[in-house]
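K.L.:
From the sequence below, what's the structure:
(3 chains)
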Amino acid sequence: MAGEGGQSEPRATSAPRRRLAGDGTRRARGNGSAGGLPRSPRCLPPRARLRTVVRVTLTYALLIGVSAVYVLPLVGMVSATFKTPQELKRVPPTLLPDGLRQWPPQLDLRAYGRLFQSVTGPVDGRGREPMPGPPAFDYPLYARNTLLILVLSLAGVLVSNAIAAYGFARVPFRGRNALFAVCLATMMIPFPVIMVPSYILFKHLGWIGTLAPLWVPAWFGSAFNIFLLRQFFLGIPKELEESAMLDGCSRWGCFWRIMLPLSRPALAVVALFHCLAVWNDLVGPLIYLTHQDQFTLALGLQFLQSKAGDTPWNQLMAAATLVVLPVLVLFLLAQRTFVRGIATTGIKG
Amino acid sequence: MRPAGGAGRGRRELRTGLLWTAPWWLGFLFFLAVPMGMSLYISFCDYPLLQPPVFIGTANYAALAGDPVFGKVLVNTLVFAALAIPLGTVLAILLAVLLNQNLPGQGLFRTCLFVPTVVPLVGAALVWLWLLNPEYGLINAALRPLAPLASGANELIAALGGGRRLSWLSELAAGPQWLSSPHWAMAALVLISLWGVGSAVVIYLAGLQEIPVDLYEAAMLDGASAARRFWHVTLPGLSPVILFNVITGLIGTWQIFALPYVLMRGEQGPGRSTYFYTMYLFDNAFRYLKMGYASAMAWIQLLIMLLLTGLVFWVGRRTVHYRGG
Amino acid sequence: MNVRGLIVTLVLGLPAGGLLLFGPRGQYDAPPGRVVVRYWEKWTGAEGATMARLVERFNRTVGAERNIWVQYIAVSNIEQRTLIATAGGDPPDIAGLYDYIVPQYADQGALRPLEEEARAAGIALDALRPIWLEIGRYRGTLYALPSTPYTIALYYNRTLLRAAGLDPDRPPATLAELSEYARRLTRTETYGLPGGGTGTRIVQAGFTPSTAMLGWWPWVWPCFFDGRLWDGQRFTLDTPAGRAAVRWLADLRRAQGPERMLSFEGTAGAIESAQNPFLAGQVAMVFQGPWLTNWIARYAPELDYGVAPFPSVTAERRHAFASTDVLVIPSSARHPREAMTFLAFVLRQDVLEELCREHNKLSPFREPLPDFYARHPNPHIRVFEELAASPYVFGYPSMPTWLRVMDESKQLLNLVLRDPDQADAALEAAQRKADAIVREYEAMAARRRGAGR
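P.N.:
So this is what the prediction gives:
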């Protein structure tokens, strides 16, 4: 079965890969396309070796610099959660929180704590029992809502797109190409065009104020995913199904027992992209959700930021960190699939 | 493979095909075609959402033509696209070339570059809001050591140009106001979009690896320098990928909404300099209650996008080099 | 499945599954059998907690008798959310809106007229000060009941005044004096630039109308020059008063230095914290409401400050800005009668005055109960009260297109603060835009009437 191993999966590209390097072995990466051929530095004359060393050093320097710049905002975000508001306003700003400079190093977790508290208590200092109210950032609630939408829509995405893509890839019928062209064209339709009528449509269905508008449409396929899966299906040799059909297997059987199991990598990519999209979606929840206890994480974060009373930065960053964390973990664990998925769509585009 | 069967078989195949692709075209009808039709009709109406739409002909479109805010958001969005797409493409290609050196640790760098695209927009916007603070943000702190360079350059220009200094250089030297300043706010947005260039880098990286080595060998045999190899082998080889990225970039930047919305806290920005097309559309629909007007804007947005995409394709037809297969 | 896949599933799947199955489901804890009335309010924090307490009291007493249960939900962007929900057919039964949005929503039919039902439910409308009811009316019909009214005054930092050689017991009485005070209360410091040379930056500003530093009403300034923003038919921005206002703002800004002020204003801290610009001594004088004393008591109790009417162009004609948060019932609400029962409870003098007192705001009643002032946490509440009784009091323009013009006036102020020399031109442009907005609105309204709706 195709796993993360790399080379054994069926390819989506039809051009033969000619990647013989100078030493005759098959290389999957790094053909040094900036201009050179991959050759071991040791077999080069001294001047060329110096040039290679300079080139390598320069490359590393640039890469380290750029990577640091790219990662810096995230580092800043996390470190801001451990700072006090005074620290955050210090000029010139420091990257790491003061707590880390002490010994033993301490991390100030109060920003996180305040997120989960509801701000209650007496207004004028006279003794009163605090009234439990909703916390500033109800992370478990928002996370649960987001997960609910995610699970319900993910099922729909996988099922509907696989079926439709199979139809476009394997089932011959008149006008199939024209229909697929239309499908591709829909990728270009900007959301605002359908934003208002979709709202009216959902209003007539009575779905405003529920989670339904955020996951039901996922059960009806999306052009991007169909495109991706169709490319993948086309790369699987037809012979597998033809021989199965000769043995009496139905179309559905072929799909279920042959195509799907082979498509795990592509389906994983679709799933990962979808998870990202759901986690980050702001416009949908902004329009369709009316109860605070239905908020998703993205919406809850925006709510926290736009509060009338203004929120201190460390709390905002703490909330943002909590929102980013699961996606980061998912990404770090499933990195190769992410990257390969993006690369595959890009090349065939 | 297909035995002669004529119309019966064709119809049966059509039915099967439509059945299989039903998830898509059912959704297309309900969630796309019908709303688009409604949206077109609404664009010719006055529709304050709480009352039924009233047909008013092309009044909305005429009003758009005379609306200075519409002109401003159109220009803003175009400027943003004109800045972000070329800069992003150049940066992504350069980074991909850097990464393609097959050096150890490549995976780590690739991850670092890619992580920003995984971060939710709202979270990213908040982080940048903090980073871009003129007084205590890290960006200006990093620029402060460069201030003497900028002011020195400005003095040079003044000396050469008879006493006139470049205002933006002096602002740069003092530490730009970023989101509070009309010009620098746009620059801030472009900066943030460059920060998210990681996915494009990965695509270009894969594209680079598709280029056959023989072409490079042939070029080297002809005595081409590294720069010429880049220009005549790498870039043409990458051209289909570049086309794809430019088009997706166009679609993306044209619809930019969540990032400036959060950065500006739902407001319209200093001098409306970061007020983009979709934000104005959203405000018209849900703040000013002018749904008809908003729908007209949406259709114009679609038309412009089709135009621009067509333009890019046309340019691509003449410059993109497809390899066999 | 390989090891990696297993790890991913476990690390992410287990917490996700746990959350899905056992996670919180929100505040659906109404006792069975009661009618649930949804009440959306913009108040969070301590203000929200006060209202939540009142809601809980209602649910225990009147609600239990009448079989009603009110669910209090804090919502951001409340006007937008309420509108979208009303249009979507799923509005709350009660919404706590800002008063400036009432004309627009009432004009579109989003709000339910309240007068008859309120009187029938026993609400003593005549015991309220007329201005607060006026604010809730649009074209004569009452759509909104006042919840927590307030006026805006001048807060000044006595310590800073003393340090600048000004009499802390004599706050500015006219706008000219305000400018003079502002000039003397602005302090700068020089700092070294990394490459040699020095720069100056502002560390204390006397006064700034910027929205970044507690200037929450960027459009009011013409009203202190004896002007008003609308005359019932159109918006009147470009009037002698309007011009005087933008010139005054431009002069103020030029004296302080626009770039330096912009930079300075970017350093504003969080409002409800010790880094609040007024609390932290960054700004010596601000135009703010009664709640500021609440924050002072909490975050900067040692602050020596004073409250006075905000100066107008003359000392005799003291203009005052009055506003209030309002309670409305959306027109398509599901339980309007039960909602009105709750409103009747809230509008009881003892209940409402407790809410207003806790919020540090004024009482909407003509004659507040003695308890109100006795236990009011704001030591300067009488100043605010007198402002409400001023003959020159003004509120938001009662025009349905106000929101769009408000956005334009915000842009106008930002432009003037950024580039004071453009003040006159910007004002003319703003007037033209306001006229265009009103013309367009009236054209549409005429078409609607013509189409028989």
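
K.L.:
how about the helices in the stretch 51-200 of chain A?
P.N.:
Listed in chain order, the helices of the stretch 51-200 of chain A (DSSP state H, counting those that start in this stretch) span A:85-88, A:110-116, A:139-170, A:176-185, A:191-205.

K.L.:
which one of those helices is the most hemmed in?
P.N.:
helix A:139-170 (a mean of 22; mean count of other C-beta atoms under 10 Å in any protein chain shown). C-beta here means a position set from N, CA and C on the backbone, and glycine is covered the same way.

K.L.:
okay, now the domains of chain A?
P.N.:
A:42-80, A:139-348 (automatic domain parsing).

K.L.:
tell me which strands and helices the helix or strand where residue B:259 lies is in contact with?
P.N.:
Using DSSP states H and E, residue B:259 sits within helix B:258-263. In terms of contacts (3 or more C-beta pairs under 8 Å, 6 or more residues apart in numbering or on different chains; DSSP states H and E), helix B:258-263 is packed against helix B:121-131, helix B:182-195, helix B:277-286.

K.L.:
Could you check how far the residue of the stretch 51-200 of chain B found nearest chain A is from residue A:61?
P.N.:
Closest contact between the stretch 51-200 of chain B and chain A, by C-beta to the nearest C-beta, is at residue B:102 (2.1 Å). Distance, residue B:102 to residue A:61, by C-beta to C-beta, to the nearest Å: 17 Å.

K.L.:
could you check whether the one helix or strand residue A:327 maps to is close to chain C?
P.N.:
Following DSSP H and E, one finds residue A:327 within helix A:313-333. Yes - with C-beta under 8 Å from any C-beta of the partner chain as the measure, helix A:313-333 is seen reaching chain C through A:313, A:326, A:329, A:330, A:333.

K.L.:
So is the host helix or strand of residue B:247 next to chain A?
P.N.:
Per DSSP H and E: residue B:247 is located in helix B:235-254. Yes - Helix B:235-254 comes into contact with chain A (C-beta under 8 Å from any C-beta), by way of B:237, B:240, B:241, B:243, B:244, B:245, B:247, B:248, B:251, B:254.

K.L.:
which among the residues you listed gets closest to chain C?
P.N.:
residue B:254 (23.5 Å).

K.L.:
Select the longest strand from chain C.
P.N.:
strand C:145-157 (DSSP state E).

K.L.:
any idea how far residue C:240 is from residue C:222?
P.N.:
Where residue C:222 is concerned, residue C:240 sits at a distance of 9 Å (C-beta to C-beta).

K.L.:
and those two? which has more neighbours close in?
P.N.:
Between residue C:240 and residue C:222, residue C:222 has the larger neighbour count (other C-beta atoms under 10 Å in any protein chain shown), namely 24 against 11.

K.L.:
ok, the more buried one - contacts?
P.N.:
Residues near residue C:222 by C-beta atoms under 8 Å, 6 or more residues apart in numbering or on different chains: C:228, C:229, C:237, C:239, C:241, C:242, C:244, C:245.

K.L.:
How much space separates it from residue C:89?
P.N.:
With C-beta to C-beta as the criterion, residue C:222 and residue C:89 are 41 Å apart.

K.L.:
count of residues packed around the residue lying closest to residue A:146 once chain neighbours are set aside?
P.N.:
Using C-beta to C-beta, 6 or more residues apart in numbering or on different chains and skipping residues adjacent in sequence, the residue nearest residue A:146 is residue A:296, 4.4 Å away. Using other C-beta under 10 Å, residue A:296 is surrounded by 30 other residues.

K.L.:
okay but residue A:296 is in contact with residue A:288, surely?
P.N.:
No - counting by C-beta atoms under 8 Å, residue A:296 does not reach residue A:288; the two are 10.4 Å apart.

K.L.:
which neighbours do the two share?
P.N.:
Joint contacts of residue A:296 and residue A:288 (C-beta under 8 Å, 6+ apart) are residue A:214.

K.L.:
Kindly provide the distance from residue A:327 to chain B.
P.N.:
Distance, residue A:327 to chain B, using C-beta to the nearest C-beta, to the nearest Å: 6 Å.

K.L.:
what sits against that residue?
P.N.:
A:275, A:276, A:279, B:118, B:119, B:120.

K.L.:
let's see it at 6 Å
P.N.:
A:279, B:118 (C-beta atoms under 6 Å, 6 or more residues apart in numbering or on different chains).

K.L.:
Just confirm yes or no for the helix or strand harbouring residue C:105 near chain B.
P.N.:
For residue C:105, the element it lies in under DSSP H and E is helix C:102-107. No - residues of helix C:102-107 contacting chain B under C-beta under 6 Å from any C-beta of the partner chain: none, with a closest distance of 7.2 Å.

K.L.:
in the strand or helix carrying residue B:37, what's buried?
P.N.:
Secondary structure assignment for residue B:37, by DSSP H and E: helix B:34-42. Buried residues in helix B:34-42, counted by 16 or more other C-beta atoms under 10 Å in any protein chain shown: B:35, B:36, B:38, B:39, B:40, B:42.

K.L.:
for stretch C:392-400, same thing?
P.N.:
In stretch C:392-400, counting by 16+ other C-beta under 10 Å, buried: C:393, C:394, C:395, C:396, C:397, C:398, C:399, C:400.

K.L.:
Give me the neighbour count for residue 51.
P.N.:
Using chain A. Neighbours around residue A:51, by other C-beta under 10 Å: 14.

K.L.:
was after chain C, sorry
P.N.:
23.

K.L.:
how about it, what does it touch?
P.N.:
C:41, C:43.

K.L.:
how close does it get to chain B?
P.N.:
24 Å.

K.L.:
Check for me that that residue belongs to a strand.
P.N.:
No - counting by DSSP: H, G, I helix; E, B strand; the rest coil, residue C:51 falls outside a strand, being helix.

K.L.:
Tell me, how many residues neighbour residue 70?
P.N.:
Looking at chain A here, since you left the chain open. 23.

K.L.:
oops, chain C please
P.N.:
That count, for residue C:70 with other C-beta under 10 Å as the rule, works out to 26.

K.L.:
Give the buried residues for stretch C:31-40.
P.N.:
So stretch C:31-40, judged by 16+ other C-beta under 10 Å, has buried residues C:34, C:35, C:37, C:38, C:39, C:40.

K.L.:
contact partners of that stretch?
P.N.:
Contacts for stretch C:31-40 (C-beta under 6 Å, 6+ apart): C:30, C:67-73, C:75, C:92-95, C:335, C:338-339, C:342.
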